[in-house]
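In: Model the structure of this input:
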Amino acid sequence: MSREIVTSLSPADIGPSYSAREVPRATALRQLWTVAYRQRYPLLLSIAAALLLGAIAVISMPKKYTATSSVQLEQQTPQVISAPGLDPQPEDANRFLQTQLDRVLSRTLAQQVAAELDIKRSPEVLAALNVDTADGTDPAEGAIRALRENVLAELGLNTRLAKISFVSRDPQVSALIANAYAQALVGDNLRGKVETSDRAQEYLLDQLADAKGKLEVSERAKLAYARSANLTGTADADTDSMPAQQIGQLTGSLAAATAGRIEAQQIWQQARAGSALALPQVQENRAFQELLTQKAQLQSALAEDRQRHTDEYPSIAATLAQIAVLDREIGRLSGNIKQSFEQRYRAAASQEAQLKATIGQLRNAAMSEQDRSVGYNALERDLETNRVSYNGLLQRYKEVSAAAGAPAANVTLVDKAEPPLEPSSPKKLWIFAFAGLCGLIAGMAIALIRERLHDVIRTVDDLESPGHLAALGVVPALKAREKMKDALRNSGSAQSEAYKSIAASLQHFGAGKMPKTVLLTSTQANEGKSTSTWGLARGLRTLGYRVLVINGDLRNPSPEFGFAEALAGTLDPLSAAWVMDKTGLAVVDAGMARSDPVQLLAAARVRPVIEKLSAMADITLIDGPPVLGLVDAVLLADSVDAVIMVVEANRTEAGQLDVALSRLPTTVPIVGLLSKFDARQSGSSYGSYQYYSYGQAGRDFQPA
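Out: The predicted structure follows:
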C-alpha cells in the first residue's frame, strides 16, 4: 500500500480540519442541562431544602377564605319616567365602570358596612378579620381598616358583571361581608339618586317662585304702558296697529286705482287723437250698430225710389229727412261715447289721488304709533323672556317630581356570596411551585459557582473552546473492574475502536498528510499519555503503517539500553530498537541516562537520533514526559513534526492546560486528545462510547 508521509510540518501546514475549522458548540440549553446534570446532587439538595421550607410555610400560615358576590353595573339605566340631565349617561364606559369599582374600596362604603353589621360589637367578626383590640386599638377603626384591606372588586373582560370578594379567616364572615358590600353599593347608588332628585326639586321650587314674580310684574308694566301711550296694537303681540292694518288694506286698492287710471288715460288719449266714429268702442256699440242698420235700409229704399222718381218726390224727401235724423243721432251717440272716456279717466285719476292722500295720512299715524311703541316692545320682550323661563322651570319641575318617585339604579345585585368550602390561601400548589423554583435558582447558582471554582476540561467542547486545542479524538474511560491492558489487546473494545478512529484522523492531520514524528505529552502525570501512545500505535498498526514507539521519558529509566544511550552517543540508535512479536511494533526503551536529561535532550542531540530512528518506520510516536514541572517535553517538541496533548477528562484544569500550551514552542503544530472520558460524569450525551461498540453483538474478537 502507498501512503504519503509528511516529513516536516509547521502550524501553517495544519489543514482546516484541526486548526481553523469552526468548532461546533452545544446550545445554551444543552450546556445548562450538562451543568445541571454534573451538579445534580447540590441542585437536588437545594430544591429539597426549598420544598421543606415551603412545607413549613404552608403549615404555619393561617387559612383564609374568600367569598364572592356579583353585581351588575349598567351605564344606561332603564328610565320609567324620563328626566334628562338628572341622571346623565357617561360617555366613557370604562371610566364609569372603574369608578363604580373604586367606590367599593372607599372608606365611606367600609363605614356603611361596618355600621350595618355592627362589627365593633361582634368579637367573632373581629377575630375573623384579625383585629386585635387588646393593645387599645379602636374596634371601629380597626374593623374599617381590615375591611378596606381585604375587599377586592374586579370586572371581567367584555362584561358588566363585577365581582366583590372578601377574604377572612372564617368562611361565614367572608360571605356575610361580601353580601353586605354588594348591598351597600346598591343602596348607596339609589340613595345618591334620591338625594340628587330632592336637591333638584328644592332648587326648582325656589327658581319657580322667583320666575313667577318676575312674570307678573312684566305683565302689569306692559298693560300700563299700552294705556298711557294709546296704542291700538296691544291686544295681540302678533297683530299690527290699526293704522298699519288700514295701510295694508288701502295699499291694494291704491294699486288697483292706479292701474285703472292708467288704462282710462290710455283709452282717452287714443279717443282724443282720432274720430269718434273710428273708435272700436263706438263700432261695437249695439245702438250705434242699429242706427247704421236703419240708415242702410233707408239708403237702400232711397236708391230704389230714385230709380222711379226725382229728389222732389215726397217719399224721397221723407227718406232723406229720416237719413239726416239718423246721421245726427249717430254723431251724437259717438260723441257721447268719446266723452265718456274722458269722464272715466278723470274719475280714475280723482280716486287715485284720494287713496294716496288717505294712505299718506295713515302712514304718518302708523309711524307716530311705532315711535310710541318702542318702550312697549321692550316690555313685551321682557315679558316673553319671563314667560319662557317660567314655563321651562315648571315643566322641568314636573319631570323631576315624576322621576323622583321611580329612581333607576345603575347597580343591581346578581348573586349573593355563599360560604366557601375550601380555603383560598395558602395556595399549596403555588407555594410549593415557588419554593421549587427558588430552590432551582439557588441550586443553579451554586452549581455555576462550583463549575467556576472547578474549571476542568470535561468534554470536547471544553477542549476545543477558544484558546485551547482542536480535538483529534476521544477515548472513553474504562468500565468498573476493567484493565486498560486487556482493553487494548481486545481489538473490539471501546478503547481500541477509539484509538483506531484517532489513528484514521491522524492520517489527515496536516493538509491531508500524516506527520512523520509525533510527540505525545500531557499537562501532568497519569493523564493517560503512555496508554494513548500504545493505543494509537496499535491503531496505526492496524491501518497497515509501520510504527516505531520511543519511550522519551528519561526521568523514568529502563534497565535495557535505549533512547538515553543513543542520545549520549554510546549506542547506535538502530541498535536500540527492537520489535514486539505479537503486535509488530518497533520499540525503543528509555534507557539509563548517565547525565542530566536536559543536556541529552538538546535539539542538536535529539534531532539526528530521531531522524535516524524514524527512517525504519512510517511514523514514529514518542512517549514524552508531562509539560508542567519539567522542560523535557518542551525540548523534545523542537525535534518533532507534531505534538499530541493528552488531556484527562474531568481532571485537567483549563488554566493548567493553557500554561502547558504556552510553554510549548509555537513552531510545531499541536492537537488534543481527550482521555478517560466518562459521558455520565461529564453530564454530556454526545461522546457516549456506545457507538465504539456498534455491531459487537455476535462478534468474537481475539486479543491482539
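In: switch to C-alpha atoms for all contacts and neighbour counts from now on
Out: Noted.
In: low-confidence ranges in the stretch 101-250 of the chain?
Out: 134-136, 192-195, 198, 229-242, 244 (pLDDT under 70).
In: in it, which spans are strands?
Out: 151-155, 161-168 (DSSP state E, counting those that start in this stretch).
In: Among these, show me which one is buried the most.
Out: strand 161-168 (a mean of 24; mean count of other Cα atoms under 10 Å).
In: Which secondary structure elements does it sit against?
Out: strand 65-73, helix 139-150, strand 151-155, helix 171-229 (3 or more Cα pairs under 8 Å, 6 or more residues apart in numbering; DSSP states H and E).
In: if we go to 6 Å?
Out: Applying 3 or more Cα pairs under 6 Å, 6 or more residues apart in numbering; DSSP states H and E, one finds that strand 161-168 contacts strand 65-73, strand 151-155, helix 171-229.
In: Sheet partners, orientation included, of it?
Out: Strand 161-168 has its sheet partners listed here by DSSP bridges as strand 65-73 (antiparallel), strand 151-155 (antiparallel).
In: JSON lines for these, including distance to Asp678?
Out: Formatted as JSON lines, the strands paired with strand 161-168 follow (distance: least, Cα to Cα, whole Å):
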{"stretch": "strand 65-73", "distance to Asp678": "54"}
{"stretch": "strand 151-155", "distance to Asp678": "58"}
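In: Need the nearest residue in space to Pro42, chain neighbours excluded.
Out: Closest residue in space to Pro42, ignoring its immediate chain neighbours: Gly443 at 6.4 Å, by Cα to Cα, 6 or more residues apart in numbering.
In: Quick check: pLDDT value at that neighbour.
Out: pLDDT, Gly443: 85.
In: Kindly report the same for Glu4.
Out: pLDDT, Glu4: 42.
In: quick one, phi/psi of Asp623?
Out: phi -90, psi 100 (degrees, to the nearest 10).
In: repeat for the one 5 residues further on
Out: Phi and psi for Leu628, reported as degrees, to the nearest 10, are phi -70, psi 130.
In: How about Gly473?
Out: Gly473 adopts backbone torsions of phi 170, psi 180, taken as degrees, to the nearest 10.
In: what's across from it in the sheet?
Out: Beta-bridge partners, per DSSP bridges, of Gly473: Leu673.
In: hang on, the earlier thing: which of the strands paired with strand 161-168 sits closest to Asp596?
Out: Among these, the nearest to Asp596 by Cα to Cα is strand 65-73 (86.8 Å).
In: average model confidence for that closest one?
Out: 88.
In: Using a markdown table, please lay out the strands of the stretch 101-250 of the chain together with distance to Leu600.
Out: Shown next, in a markdown table, are the strands of the stretch 101-250 of the chain (distance: least, Cα to Cα, whole Å):
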| stretch | distance to Leu600 |
| --- | --- |
| strand 151-155 | 89 |
| strand 161-168 | 89 |
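In: picking up where we left off before, who wins for proximity to Val646 among the strands paired with strand 161-168?
Out: Ranking the strands paired with strand 161-168 by proximity to Val646 (Cα to Cα) places strand 65-73 first, at 66.5 Å.
In: Residues contacting the closest one, please?
Out: Outside strand 65-73, the residues that touch it by Cα atoms under 6 Å, 6 or more residues apart in numbering are 160-169, 171, 174-175, 178, 410-417, 420, 423-424.
In: cool, and stretch 631-648?
Out: Taking Cα under 6 Å, 6+ apart as the rule, stretch 631-648 contacts 8-9, 515, 517-522, 527, 529, 607, 624-625, 627, 664, 668-676.
In: Mind checking which of the residues you listed land in strands?
Out: Among the contacts of stretch 631-648, the residues falling in strands (DSSP state E) are 515, 517-522, 670-676.
In: Which single one of those is nearest to Lys398?
Out: Set against Lys398, the nearest of the ones in strands among the contacts of stretch 631-648 by Cα to Cα is Leu674 (100.5 Å).
In: got a list of what the closest one touches?
Out: Listed by Cα under 6 Å, 6+ apart, the contact set of Leu674 reads 474, 647-648.
In: By neighbours, which of these wins?
Out: With neighbours taken as other Cα atoms under 10 Å, the top of the contacts of Leu674 is Val647, carrying 30 neighbours.
In: closest to Ala349 out of the strands paired with strand 161-168?
Out: Comparing the strands paired with strand 161-168 under Cα to Cα, the one sitting nearest is strand 65-73, at 85.8 Å.
In: just the angle between that closest one and helix 171-229, please?
Out: 20 degrees (axes from the mean of the first three to the mean of the last three Cα atoms, to 10 degrees).
In: tell me the angle of strand 65-73 relative to helix 139-150?
Out: Going by the same axes, to 10 degrees, strand 65-73 makes 80 degrees with helix 139-150.
In: Can I get strand 65-73 in PDB, CA atoms only?
Out: Taking Å, rounded to 0.1, in the frame of the first residue of the first chain, the C-alpha atoms of strand 65-73 are listed here in PDB:
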ATOM      1  CA  TYR A  65     -61.500  32.000  52.900                       C
ATOM      2  CA  THR A  66     -62.700  34.100  50.000                       C
ATOM      3  CA  ALA A  67     -66.400  34.600  49.400                       C
ATOM      4  CA  THR A  68     -67.600  36.400  46.200                       C
ATOM      5  CA  SER A  69     -70.900  38.200  45.400                       C
ATOM      6  CA  SER A  70     -71.600  39.700  42.000                       C
ATOM      7  CA  VAL A  71     -73.400  42.900  40.900                       C
ATOM      8  CA  GLN A  72     -74.400  44.200  37.500                       C
ATOM      9  CA  LEU A  73     -73.200  47.700  36.600                       C
END
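In: And the residue nearest the centre of the protein?
Out: Among the residues of the chain, the one closest to the centroid is Leu157, at 16.1 Å (Cα atoms, centre = their mean).
In: Show the backbone phi and psi for that one.
Out: Main-chain torsions, Leu157, degrees, to the nearest 10: phi -80, psi 130.
In: i'd like the first residue to be 9 from this point on
Out: With the count now opening at 9, the last piece we talked about shows up as Leu165.
In: related to what we said a few turns ago, can you tell me which of the contacts of stretch 639-656 are classed as buried?
Out: 17, 523, 525-530, 535, 537, 615, 632-633, 635, 672, 676-684 (16 or more other Cα atoms under 10 Å).
In: Tell me the span between the first and last residue of stretch 275-292.
Out: Across its full length, stretch 275-292 reaches 15 Å between end residues, using Cα to Cα, to the nearest Å.
In: Mean confidence (pLDDT) on that stretch, please.
Out: For stretch 275-292, the mean confidence score works out to 67.
In: go on, stretch 655-669?
Out: Averaged over stretch 655-669, pLDDT sits at 89.
In: Put the alpha carbons of that stretch into CSV.
Out: Extracted C-alpha coordinates of stretch 655-669, given in CSV (Å, rounded to 0.1, in the frame of the first residue of the first chain):
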residue,chain,number,x,y,z
VAL,A,655,-5.9,15.7,28.4
GLU,A,656,-7.7,13.6,31.0
ALA,A,657,-11.4,14.4,31.2
ASN,A,658,-12.7,15.8,34.5
ARG,A,659,-9.2,16.3,35.9
THR,A,660,-7.1,18.7,33.9
GLU,A,661,-7.9,22.3,34.7
ALA,A,662,-8.3,24.7,31.8
GLY,A,663,-5.7,27.1,33.4
GLN,A,664,-3.1,24.3,33.7
LEU,A,665,-3.7,23.4,30.0
ASP,A,666,-3.2,27.0,29.0
VAL,A,667,0.1,27.2,30.9
ALA,A,668,1.3,23.9,29.4
LEU,A,669,0.5,25.1,25.9
